[in-house]
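S.K.: Sequence first, predicted coordinates after that:
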Amino acid sequence: MVFQNNVLAGASNVSDGLPDQHLLNQSIRFHVNDTAYMQRTPSSAGSSTAFTISFWFKVTDVVPTTINSFVSVDAGSSSAQRFRISLNDSSVSGVGSDMQILITAHTTNLMVTKQIFRDPAAWYHLVYSWDYSNSVANERQRLYINGQRITDFETSVASGSGTLPSAVGWNTAAETSIGRAETLSGTGVYYLDAYVAELINIDGTSLNPESFGETNSSGIWIPKKISGLTYGINGFRLTGQNASYLGYDYQTSDRSGTTNDFTPHGLDAHDQVTDTPTNNFAVLNPLDKGSNTTPADGNLEFTSSGDGGVRSTVFFNADKYYIEAIVGTYGSGFTFGISNADRSLSADAGLDLADFYGWYINPTQNWVASGSNPWNTGSNSASASLDVLQMAIDASDPSSIKLFAGINNTYYNSSGGSDGNPSTGANPTATITGGEEWSIGFWNRDSAASNIFVNFGQEGTFGGNKTAGGNSDANGVGNFFHNVPSGFKALCTKNLGSE
């Protein structure tokens with residue numbers, strides 16, 4: 001099972017036995033189409049000379065049409081009280097490539113990284129530390145990614161006191177947003193498309209990343225327990241642990257003392273997901289898709305308006321995995337199953353079945369597809385909207401993989417009969433030989449649009465379209481609609497046992 005970037009993919013179990021290891025149980029999904037954000041206006045100003053912002057993020061829109069804003073203060077186009085940390089779209093700021101970290105104050109780019117951050121399989125940790133009163137000029141603003149200080153920038157304001165602005169707008173008594181920023185003219189807004197976990201603001205203290213993370217024995221930067229921090233007047237800690245109010249400030253676990261809550265907008269309970277830096281789930285890969293295909297909603301929604309498809313961020317050739325999807329809409333037909341890296345991303349779902357195994361569903365009938373073999377009838381009627389499609393993949397013997405394709409907890413054999421049983425291994429839908437690496441894939445047929453929601457275990461409502469079933473795998477991982485067949489697992493790093 002291979003993520004796009006193993007070092008950045010997440011810490012999975014964080015099972016080093018480190019005394020201050022910190023398992024994050026949830027993140028918050030921000031989806032630009034939902035205009036999702038949080039907002040708060042402080043009643044008084046905090047420190048403008050020292051602060052630290054720390055958060056973990058996993059990108060979803062890797063080619064944004066606007067800035068992806070993580071945090072911002074917007075106090076009017078003519079005010080110096082403007083501040084923003086975002087992912088940059090080059091057409092907006094006019095510098096470099098997409099997905100650079102961009103830190104701005106009013107109209108000045110304080111920092112623009114040369115590095116780009118567009119791996120949809122990776123969790124990144126960002127720390128920005130502001131210390132304007134520091135006697136060492138180069139220490140007055142510092143940026144860290146995954147515990148490493150960034151020192152080589154495409155743009156960086158000189159750190160001398162004569163050029164670095166003395167105030168950047170953060171911690172002021174002005175409208176503060178998470179996941180949203182206004183344009184400089186104040187006539188438009190930018191929204192965020194990403195997962196965010198453990199968002200912390202320290203008002204009054206400039207800290208290094210070791211206050212929030214540490215390196216495990218595998219050399220991976222992981223979260224550590226948050227303790228002993230003084231948050232200050234406008235400090236906060238947004239963990240997303242209350243699904244009914246994702247903007248709760250948990251400076252302490254029991255919410256004792258100061259709480260600087262944010263008001264959520266466009267965020268629902270199902271935007272609390274279990275995809276985190278300490279258990280990184282597979283998603284659909286926006287870097288591995290056809291031109292007619294658009295992953296959305298945290299890369300858990302497949303939408304396509306023509307021939308073509310998308311694969312998951314994870315390839316596997318061992319163990320047993322379970323995945324669910326629901327049908328939103330479909331036109332001429334679509335496929336849901338497993339494919340290898342050779343399958344064309346522009347393939348027609350109904351005519352080109354090479355290197356694909358699983359469901360082919362069109363408006364009149366469900367079919368079982370088995371590589372380039374002729375289709376076999378899977379059931380007598382087309383899958384209805386919001387039916388739960390299932391894939392149970394037994395790759396415990398990589399040279400002879402058993403695939404079980406189901407609908408609403410009925411699994412079909414290779415001839416269309418309904419006696420498949422993934423728990424016992426009897427009567428698989430397809431048996432695949434060859435020992436290749438495989439991924440989960442969706443393909444569309446022709447120009448009629450298809451819309452499908454997938455759950456690798458991180459979000460059981462399929463974007464709010466179903467009531468979550470609350471079924472986990474044998475390791476206690478995941479939230480699935482149906483019972484997980486015996487021995488099968490959610491597709492995530494925790495089930496790899498990696499560290």
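M.R.: Okay, I see it. What you see is a predicted model, and the numbers here were worked out from it, not measured in a lab. Residues are numbered from 1 along each chain as shown.
S.K.: Do you have the strands of the stretch 301-450 of the chain handy? List them.
M.R.: Counting by DSSP state E, counting those that start in this stretch, one finds strands in the stretch 301-450 of the chain at the ranges 301-304, 308-316, 319-329, 334-339, 356-361, 366-370, 376-379, 388-395, 400-407, 410-412, 430-433, 438-444, 450-455.
S.K.: Packing partners of the last one?
M.R.: On a contact count with 3 or more Cβ pairs under 8 Å, 6 or more residues apart in numbering; DSSP states H and E, strand 450-455 meets strand 301-304, strand 319-329, strand 334-339, strand 438-444. In short, each C-beta sits where N, CA and C put it, glycine included.
S.K.: Packing partners of the helix or strand where residue 52 lies?
M.R.: Element membership for residue 52, per DSSP states H and E: strand 50-59. Contact analysis of strand 50-59 by 3+ Cβ pairs under 8 Å, 6+ apart lists strand 68-73, strand 124-131, strand 194-203 as its packing neighbours.
S.K.: Do a quick rundown of the strands in the stretch 101-250 of the chain.
M.R.: 108-113, 124-131, 141-145, 148-149, 153-156, 176-178, 180-182, 189-191, 194-203, 213-215, 221-223, 236-238.
S.K.: Out of these, flag the one nearest residue 477.
M.R.: Ranking these by proximity to residue 477 (Cβ to Cβ) places strand 194-203 first, at 16.9 Å.
S.K.: How far off centre is the closest one?
M.R.: Computed by Cα atoms, centre = their mean, to the nearest Å, the chain-centroid distance of strand 194-203 equals 15 Å.
S.K.: That one pairs with which strands, and in what direction?
M.R.: strand 27-30 (antiparallel), strand 50-59 (antiparallel), strand 236-238 (antiparallel) (DSSP bridges).
S.K.: which stretch in the helices and strands packed on strand 50-59 is the model least sure about?
M.R.: Between the helices and strands packed on strand 50-59, the lowest average pLDDT goes to strand 68-73, which shows a mean of 91.
S.K.: what's the angle from that one to strand 50-59?
M.R.: Interaxial angle, strand 68-73 versus strand 50-59 (axes from the mean of the first three to the mean of the last three Cα atoms, to 10 degrees): 160 degrees.
S.K.: picking up where we left off before, pick the most buried one from the strands paired with strand 194-203.
M.R.: strand 27-30 (a mean of 29; mean count of other Cβ atoms under 10 Å).
S.K.: Quick check: neighbours of the helix or strand residue 86 falls within in the sheet, parallel or antiparallel?
M.R.: Secondary-structure assignment from DSSP H and E places residue 86 in strand 83-88. Strand 83-88 sits in its sheet next to strand 68-73 (antiparallel), strand 100-105 (antiparallel), going by DSSP bridges.
S.K.: Sketch out the low-pLDDT regions of the protein for me.
M.R.: Residues of the chain that meet the criterion pLDDT under 70 lie in 1-19, 64-65, 76-80, 89-97, 158-163, 185-186, 373-381, 497-499.
S.K.: Of all the strands of the stretch 101-250 of the chain, which one comes closest to residue 368?
M.R.: Closest among the strands of the stretch 101-250 of the chain, once you apply Cβ to Cβ, is strand 194-203, at 34.1 Å.
S.K.: Keeping just the C-alphas, turn that closest one into CSV.
M.R.: What follows is strand 194-203, C-alpha atoms only, in CSV (Å, rounded to 0.1, in the frame of the first residue of the first chain):
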residue,chain,number,x,y,z
ALA,A,194,-8.6,21.3,2.6
TYR,A,195,-8.7,19.3,5.7
VAL,A,196,-7.4,21.1,8.8
ALA,A,197,-6.5,19.6,12.2
GLU,A,198,-5.4,21.0,15.6
LEU,A,199,-5.4,24.7,14.7
ILE,A,200,-3.8,26.7,17.5
ASN,A,201,-3.1,30.4,18.0
ILE,A,202,-0.8,31.6,20.7
ASP,A,203,-1.3,35.3,21.4
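S.K.: and residue 431, how many neighbours does it have?
M.R.: Neighbour count of residue 431, defined by other Cβ atoms under 10 Å: 13.
S.K.: any idea how far it lies from residue 412?
M.R.: Between residue 431 and residue 412 the computed distance is 14 Å (Cβ to Cβ, to the nearest Å).
S.K.: Was I right to think residue 32 contacts residue 189?
M.R.: No. Residue 32 is not in contact with residue 189 according to Cβ atoms under 8 Å; the separation is 10.3 Å.
S.K.: Between those two, which has more neighbouring residues?
M.R.: Neighbours per residue (other Cβ under 10 Å) separate residue 32 from residue 189, with residue 32 holding more: 23 against 17.
S.K.: hang on, the earlier thing: relative to residue 468, which of the strands paired with strand 194-203 is closest?
M.R.: strand 27-30 (14.5 Å).
S.K.: contacting residues around the closest one?
M.R.: Strand 27-30 is touched from outside by 36-37, 56, 58, 179, 191-197, 238, 240, 246, 267, 271-276, 297-298, 459, with contacts defined as Cβ atoms under 8 Å, 6 or more residues apart in numbering.
S.K.: got the strands of the stretch 101-250 of the chain as CSV, with distance to residue 441 columns?
M.R.: Formatted as CSV, the strands of the stretch 101-250 of the chain follow (distance: least, Cβ to Cβ, whole Å):
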stretch, distance to residue 441
strand 108-113, 33
strand 124-131, 26
strand 141-145, 31
strand 148-149, 34
strand 153-156, 36
strand 176-178, 34
strand 180-182, 33
strand 189-191, 29
strand 194-203, 22
strand 213-215, 34
strand 221-223, 31
strand 236-238, 35
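S.K.: Compare those and give me the one nearest residue 472.
M.R.: Judging these by Cβ to Cβ, what sits closest to residue 472 is strand 194-203, at 20.0 Å.
S.K.: That closest one: which residues count as buried?
M.R.: 194-203 (16 or more other Cβ atoms under 10 Å).
S.K.: do the same with stretch 234-253
M.R.: 234-240, 246-251.
S.K.: Put together a markdown table for the residues you listed, with distance to residue 319 on each row.
M.R.: What follows is the buried residues of stretch 234-253, written out as a markdown table (distance: Cβ to Cβ, whole Å):
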| residue | distance to residue 319 |
| --- | --- |
| 234 | 47 |
| 235 | 43 |
| 236 | 40 |
| 237 | 36 |
| 238 | 35 |
| 239 | 31 |
| 240 | 29 |
| 246 | 33 |
| 247 | 38 |
| 248 | 37 |
| 249 | 40 |
| 250 | 35 |
| 251 | 40 |
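S.K.: For residue 122, state which of those residues is nearest.
M.R.: residue 240 (19.2 Å).
S.K.: Quick check: the residue nearest to the closest one when sequence neighbours are not counted vs residue 58, distance?
M.R.: Once flanking residues are discounted, residue 240 sits nearest to residue 28: 4.2 Å by Cβ to Cβ, 6 or more residues apart in numbering. Note on residue 28: its distance to residue 58, by Cβ to Cβ, is 11 Å.
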